[in-house]
Each structure stands twice: as structure tokens, then as C-alpha cells.
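Undergrad: curious how this folds, go ahead:
(one chain, ligands or ions: 1)
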Amino acid sequence: MITRLSAAEIAREIAARKVSAVEVAQACLGRIASLDEGYGCFLKVDADQTLAQARAAQAKIDSGEAGPLAGVPVAVKDNLSTEGLETTCASKILKGYVPPYDATVVSRLKAGGMPILGKTNLDEFAMGTSTENSAFQVTRNPWDPTRSPGGSSGGSAAAVCAEMAPLGLGSDTGGSIRQPAALCGVVGFKPTYGRCSRYGLVAFASSLDQIGPLARTVEDAALLAEVVTGHDPRDSTSLPDSTIRSDGLKKSSLKGVRFALPKELFSDSNEPGVLEQVQAAIETLRREGAAFGEVSMPSIVYGVTTYYIIAPAEASSNLARFDGVRYGPRAEEGAEHVGVVERTRAEGFGHEVKARIMIGTYALSAGYYDAYYLRAQQVRSRMRREMDAVFQGCDAILSPTSPVVAFKIGELSKDPLALKLLDYCTIPANLGGNPGVSLNCGFSGGLPVGLQLVGPAMADERLLQIAYSVEQALPEAHRRPPVP
Ligand code: GLN
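TA: Numbers count the residues shown, from 1 in each chain. Below you'll find the predicted structure:
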């Protein structure tokens, strides 16, 4: 069955004319049609558009001008603008909004001949860790549909996990690619800040947001990263020469690779089952020749607090544009401007988004700016310095991705603090702008456990190479979920 294959394998089958881009798209659409009712990964599927893109891709392939993943379809998180395809950020305030342009990453998919399978569910405006904050539906974890796939890119992660899509795109502000990858047992990669254009990504926290791939193998994640990254003059934070090259990946041993283990990330706030699996993976990698050294990064313990000041502060400013005038539905009653804006926002935003706008506005307000926002920025600088110092002596920082395995839907939704603490291991890479990858390293109670590797800024290729070698060494990297 074609949907079981990796993206690299599908691309090879297409190139060898064993299957066409249209047949691949049809196979994925068929699987979505038969399975997604049970998982809720997709908010929007437009089969006609997908098939038209697949036909265009096949034409490119036939004329010999196609990219390496031509014909391989992708599930796209619904905070990425897609021309002519509704983009809601899983929020009522954008219901019915059809962007007039494509995000840069979406244009690059299209240019690479990669059809878009549909728009995937997320926590509203990517604020959350469980994909339960969507205004429209809950997404379920293919390993156990009573559990969350993680979030906020839960729709893309679950779609890739359940083999509805060979590849997905997500966004990661505090862990939203890596954490759902961990909970679904797939690979999630957040590039160095600035390597992937944010043009057309609906902004959450602009200094932290980064787009990246979800995939079933490290190779696939690297291949997709190559398609979507690279300098873009339309994003002022886009770095020069930022394309991530995937052609250097090779089967190489871990001999001489040095991993730092920050003791702050191995505390007993991790579930015992998670720690056991990560420790077992460390032993396996040690036998393969990798070296490990314990380090301390004291400011990590302030990471969650720091993030939950900076991210809401930026969000409060970014989300000011949703006033019912330019995008989405408008509260019609009454004519005066302020009242319309107030009612539109009151009706359109969900609880978590409102809470964050209020926290962010408070943190930025005149009397509190120094106490909160400025302080948080200082901690952020300090964390960066600590990370830079650690990278003087290692190739990557290794830790669990998530302190827990997939939790029951509804179990944590009443406890916003507990949910936020789940971002503990992933936030440092966002505050530092570093690349980070999560891959599966084992199972606890039958549920996947994610291993996170974080590298120095701009060392994305090296990090992916290390992740590739780690994946080869770990027997549990590619188990399939119990999905028909
Ligand atoms: N869980 C974090 C939050 O709720 C991170 C979200 C993200 O990376 N988009 O903000």
C-alpha cells in the first residue's frame, strides 16, 4: 500500500513510473475519507484542488523539471495561508477566511510539485499543547484515540502517524512540532529561527515562531526541510543562505559524537516511564560509540515562566489585527466601530486566546513592562549564553521531548498550568532560536516516548545527520500505530 511508504520511497516510486502523483494523492485522500472521521486531523480537505495540483506535479515530472519530492503530498497546519483554501487557525474569528495568497512555504511546496492534502487541526492560533483548544474539533492520537496527539500541530502529527499523509507541516513556538511528534511517535523538526520563512504564517509570537516538517523518518523530515527553507526577502528575520541541504545525510556511526545531558531536563518531573526509555536509548547510543556528559543550565528552570511572558506579549500585539474589519466574520449588530470590534473579538476568540491576550497586554503595560517583559528578555539572553557555553563542548543536547506520554483527552484541559509545564523541555530551543528535533525512542505503557536533540544555531544539517544516526541505532524508531 502506497500510503505506508516513506516520502523518499514514494518519490522513488513516482520517479520510476511505478505510480503517478495523481494515484498517490488519490490513495491519501481515500485514506483520509475512510479514517479521519475517527481522528479529526483535518479541518479542510478540497480533493479537487489536491488532484489538480497532483496533475500539475505529474506534468512537471513528465517534463523532467521536478524537485526531489515531486508528487509527494503534504498535510498543512491551518495557520499557514493557502490561496483559495480556507485558513482558520482553528478559530471562530477566522471562520470562512480564504487567503488571497500563499505562505512562502506553501508556494515552495507547489513549486516543488507537492500537492496539499488539506488543512490540519491545531490549538486555536497554535496556543496549546493538546489540540483540544481548537474551536472546531478534537484530534485523537492514532496510538489510542482516547488520548491527545499533543499540540499545537496535533492534526499534522496524527495525520502523518496514521499514514493519511506521508508528510506534514507544523509550526513551533514553544514546542508545537516536537511535542506532538513525540506523543504520536513520529519525527518533528524545528529549524534554526530564520531558516524557514514565516511569510504567510499567521503570527503567534514572532520572535519564537518557526515552521517545520513532521514526518515518519529523519530522512523525510530533512527532504521536506530542504523544500521549504531558504532565504525569503518577504520575511525580515529570514537569514541569508538558509536552505537546509538534505543530500549530505549518510549512514554514519555515532563514534565521537558528544551529547550533553542537562541535569535540569532529567529531573523527576518527567514520568518514570519516559526517563527509563530515554536512559535506555542513551545506553544504546553509548554502545554505538557516542559520548555523554552531564551539564547544568540553571536558567532552564525559568524557561516556562519566561516563555509565558514573551509569547503572550507578542501574541497580544499580533492578534490585535483581528478586529472583524479585515478578516473573518464580524459582529454585525450596532454600527459604532469600538462596539463592533469588541463584540467580534468577544465572540470570535476562545478562552485560552483571550487569557493570553490579557496576560500579554498586562505584561507590556507601562507600569509592569520592566518587571515582566524586560525581565523575561534578560532571562532569555542568559539562557542563550548558557546554551552557547554548553555547545562549546558538545554536538547536541539530548533530553526527553515531553515529560509525559500521550495523556487522556480532557484529563488536563481543566488545568492550564499543568499543560504549560509540559513545554518544559521544548521551550529552551525556541528561546535560543536553536534547531531541535524529536524522534521516537521507545514505548511506555504502549505509548511512544520522544527523544529530543537540540543543536547549535545554524547547525541544522549536522543535527539532522546526528538524528539520522540515532534513528538507525534505535530499534523502536519506526513502530506503526494500531490503525487499519
Ligand atoms: N504549548 C505552547 C503554547 O501553548 C507552545 C505552542 C506552540 O509551539 N505553538 O504556547
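
Undergrad: my guess is Ala467 is in a helix, correct?
TA: Yes: assessed by DSSP: H, G, I helix; E, B strand; the rest coil, Ala467 belongs to a helix.

Undergrad: get me the contact residues on this structure for the ligand.
TA: If contacts are counted using CB under 6 Å from any ligand atom, the residues of the chain sitting beside the ligand are 126-129, 152, 171-176, 204, 311, 423. (Glycine included, C-beta is placed from N, CA and C.)

Undergrad: in strands only, show me these.
TA: Secondary-structure check on these using DSSP state E: residues within strands are Ser171, Asp172.

Undergrad: which of the residues of the chain next to the ligand sits closest to Ser296?
TA: Asp423 (20.2 Å; CB to CB).

Undergrad: on the pLDDT front, check the closest one for me.
TA: Confidence at Asp423, expressed as pLDDT, is 98.

Undergrad: burial count for it?
TA: Look at Asp423: counted by other CB atoms under 10 Å, it has 24 neighbours.

Undergrad: Leu453 in helix, strand or coil?
TA: Strictly by three-state DSSP, Leu453 counts as strand.

Undergrad: mind checking pLDDT for the nearest residue to it once chain neighbours are set aside?
TA: Nearest residue to Leu453, sequence neighbours excluded (CB to CB, 6 or more residues apart in numbering): Ala396, at 4.5 Å. Per-residue confidence (pLDDT) for Ala396: 98.

Undergrad: now the strands for the stretch 301-450 of the chain?
TA: For the stretch 301-450 of the chain, the strands defined by DSSP state E, counting those that start in this stretch cover 396-400, 436-444, 447-454.

Undergrad: tabulate those strands (JSON lines), appending mean neighbour count and distance to Val274.
TA: Formatted as JSON lines, the strands of the stretch 301-450 of the chain follow (neighbours: other CB atoms under 10 Å; distance: least, CB to CB, whole Å):
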{"stretch": "strand 396-400", "mean neighbour count": "26", "distance to Val274": "5"}
{"stretch": "strand 436-444", "mean neighbour count": "27", "distance to Val274": "6"}
{"stretch": "strand 447-454", "mean neighbour count": "27", "distance to Val274": "5"}
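
Undergrad: which residues sit in contact with Glu471?
TA: Shown here is Glu471, whose contacts under the criterion CB atoms under 8 Å, 6 or more residues apart in numbering are Val187, Thr217, Val218, Leu439, Ala477, His478.

Undergrad: now do 7 Å
TA: With contact set as CB atoms under 7 Å, 6 or more residues apart in numbering, Glu471 has these partners: Thr217, Val218, Leu439, Ala477.

Undergrad: contacts for stretch 378-390?
TA: 260, 295, 297, 299-300, 302-303, 306, 310, 397, 428, 431-432, 434.

Undergrad: which of those residues has the largest number of neighbours?
TA: Neighbours here mean other CB under 10 Å. Within these, the largest count is held by Pro428, at 32 neighbours.

Undergrad: give me the pLDDT for the residue nearest in space to the middle of the chain.
TA: For the chain, the residue nearest the mean C-alpha position is Ile177 (2.0 Å; CA atoms, centre = their mean). Per-residue confidence (pLDDT) for Ile177: 99.

Undergrad: for Glu264, same thing?
TA: 98.

Undergrad: between the contacts of stretch 378-390, which sits nearest the ligand?
TA: Taking CB to the nearest ligand atom as the measure, Ile310 is the one of these closest to the ligand, at 10.4 Å.

Undergrad: residues in contact with the closest one?
TA: With contact taken as CB under 7 Å, 6+ apart, Ile310 is in contact with Ala205, Ala376, Arg380.

Undergrad: of these, which belong to helices?
TA: Among the contacts of Ile310, DSSP state H puts Ala376, Arg380 in helices.

Undergrad: list only buried entries from the contacts of Ile310.
TA: Ala205, Ala376, Arg380 (16 or more other CB atoms under 10 Å).

Undergrad: list just the nearest of those to Gly410.
TA: When the buried ones among the contacts of Ile310 are ranked by distance to Gly410 (CB to CB), Ala205 comes first, at 26.7 Å.

Undergrad: wait, what's in contact with that closest one?
TA: Thr173, Ile310, Ala311, Glu314, Ala315.

Undergrad: between those, which sits nearest the ligand?
TA: Thr173 (3.5 Å).
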